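Novice: A structural model of the following input is requested.
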Amino acid sequence: MAGTDYDIVVVGGGLGAAALARTMANAGARVVVLEQEQKFKDRVRGEFMQPWGVADAQRLGIQDLLRFCGCYVSHVEMGLGPARDLPATTPQHLPGLGFSHPEMQETLLEAAAHAGAEVRRGAIATGIEPGQPAKVQFRQSGASGSFSARMIVASDGRNSAARKWAGFAVEYQQHPFLFAGVLLNGLAMPQHLAHYCFNPAIAMVAAIVYEGKDRFRAYLGYPSEGMDRLQGEHCLTTFLDHCRRATVFPHFYDGNIRCIGPLASFTSSEDWVEHPYKEGVVLIGDAAATSDPVFGQGMSLTLRDVRTLSDKLLATSDWDSAGHDYANEHQRYFSVIHTSCVWLRQILIEQGPEADRRRAVAMPLIAEDPTRIPDHIISGPELPIDDSVRSRFFGEPMQVAQTG
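Specialist: The predicted structure follows:
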């Protein structure tokens, strides 16, 4: 579009923002990234990418950059028989990836700049005006400014301000559950593993991901009622005690353990936008949709957003049409992941008589054959998701439609 300052303004500087900026700048687009943080710090976030996300990283050409910030994880230990060999058992034939989130952000933003994107650190977006062209207001170094663009890509995370400014309607789903995390070293877990163990009896989930350099991100999912919130390093002993209770591998939490990052809890509730594009403004990553963090889908969904949006934009000069096509496709694959997570929650986490009834039927069958568990959170949204998949997981007969 003639007369715009840039082809694309990206609001945010995380995984999705940097990956999209790099991809589009490599293709010749004029791109600027507005990132408010001058230096990224450790916070409790997702740091394990499932094989289906690694496949998208590979297609985007950033797999080696992510590997530089962490390490491959070849097996997942869930207490359902032998540890699962990911390259041997997934459609992608790929491992997972564990990595440091702040190191990843710095590496990908540097790669975006090297590709030709203009990266502005300390630039805080203050408003967005949808339209043709769309406009974004920002503040940097005490001065205010604005840019016009063919498209504004909002990648500013959970509780996105950009989607509020642009007037997107948001759907919410609340869960009575908290998810805590902390960065540790000295754990006794093998470094080629990711550990993920659900304990429905006490409504807890324990997980550990290795991310290189003797760094382990440990997570604990727990009920938000009836337990003290785990917040701050002084809660580390309680956190580890709960993890040992939740898992069949309590020895993973042995060793000379040291806390090397903040311990914090956050909600597992979800929100999403049904159609994350309108009038030159598009949402990606957590700004478009957050999945339940217990199931670790955020980063894989983000890279699928980046790949889908960039493919649509590069296939046509009609970016408005491309934006709508992306939004439709985003809703399709997010819905698949969301539905599979709902089913997993109903069997593995939810409490009460109805949940107990479901588990009484499903769990003995799963113990005999763990492949009954829907594999979408490992293998991605291309897997079928229908009544037959649900019935096999829940151990219930399919309802046969009556004809007359």
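Novice: Tell me, how many residues neighbour Ser388?
Specialist: 10 (other Cβ atoms under 10 Å). Backbone N, C-alpha and C define where each C-beta goes, glycine included.
Novice: Run a quick check on it versus Glu396, I expect a contact.
Specialist: No. Using Cβ atoms under 8 Å, Ser388 makes no contact with Glu396, being 11.1 Å away.
Novice: Contacts only, for Val119.
Specialist: Val119 is in contact with Gly13, Ala21, Val32, Val33, Glu35, Leu109, Ala112, Ala113, counting by Cβ atoms under 8 Å, 6 or more residues apart in numbering.
Novice: Helix, strand, or coil at it?
Specialist: Each residue gets one of three states, and Val119 gets strand by DSSP: H, G, I helix; E, B strand; the rest coil.
Novice: what about it, distance to Asp292?
Specialist: In this structure, Val119 and Asp292 are 32 Å apart, going by Cβ to Cβ, to the nearest Å.
Novice: Give me the residues contacting the longest strand belonging to the chain.
Specialist: Using DSSP state E to define each element, the chain has its longest strand at strand 143-154. For strand 143-154, contacts defined as Cβ under 8 Å, 6+ apart pick out 1, 3-12, 17, 20, 32, 126, 128, 133-139, 160, 162-163, 166, 280-284, 287, 309, 313, 319, 323.
Novice: For that strand, list every residue counted as buried.
Specialist: Within strand 143-154, the residues that count as buried by 16 or more other Cβ atoms under 10 Å are Phe147, Ser148, Ala149, Arg150, Met151, Ile152, Val153, Ala154.
Novice: Whichever helix or strand comes after that strand packs against which elements?
Specialist: On the C-terminal side of strand 143-154, the nearest following helix or strand under DSSP states H and E is helix 161-165. With contacts defined as 3 or more Cβ pairs under 8 Å, 6 or more residues apart in numbering; DSSP states H and E, helix 161-165 has these neighbours: strand 123-129, strand 143-154, strand 281-283.
Novice: Now for the residue nearest the centre of the chain: which residues touch it?
Specialist: Centroid check for the chain by Cα atoms, centre = their mean gives Gly298 as the closest residue, at 0.9 Å. With contact taken as Cβ under 8 Å, 6+ apart, Gly298 is in contact with Gly46, Gly285, Asp286, Thr290, Ser291.
Novice: where's it relative to Pro51, distance?
Specialist: Distance of Gly298 to Pro51, computed by Cβ to Cβ: 15 Å.
Novice: Format the CA atom coordinates belonging to stretch 145-165 as PDB.
Specialist: Extracted in PDB, the C-alpha atoms of stretch 145-165 (Å, rounded to 0.1, in the frame of the first residue of the first chain):
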ATOM      1  CA  GLY A 145       5.000   8.800  17.700                       C
ATOM      2  CA  SER A 146       2.900   6.800  15.300                       C
ATOM      3  CA  PHE A 147       3.300   4.500  12.300                       C
ATOM      4  CA  SER A 148       0.900   3.500   9.500                       C
ATOM      5  CA  ALA A 149       1.200   0.100   7.900                       C
ATOM      6  CA  ARG A 150      -0.500  -2.300   5.600                       C
ATOM      7  CA  MET A 151      -0.900  -4.600   8.600                       C
ATOM      8  CA  ILE A 152      -0.400  -4.300  12.300                       C
ATOM      9  CA  VAL A 153       0.500  -7.700  13.900                       C
ATOM     10  CA  ALA A 154      -0.300  -7.700  17.700                       C
ATOM     11  CA  SER A 155       1.800 -10.300  19.500                       C
ATOM     12  CA  ASP A 156       1.600  -8.700  23.000                       C
ATOM     13  CA  GLY A 157       0.600 -11.800  24.900                       C
ATOM     14  CA  ARG A 158      -2.000 -12.700  27.500                       C
ATOM     15  CA  ASN A 159      -4.300  -9.800  28.400                       C
ATOM     16  CA  SER A 160      -3.300  -8.100  25.200                       C
ATOM     17  CA  ALA A 161      -3.800  -4.400  25.200                       C
ATOM     18  CA  ALA A 162      -3.700  -4.300  21.400                       C
ATOM     19  CA  ARG A 163      -6.800  -6.400  21.000                       C
ATOM     20  CA  LYS A 164      -8.700  -4.100  23.300                       C
ATOM     21  CA  TRP A 165      -7.600  -1.100  21.400                       C
END
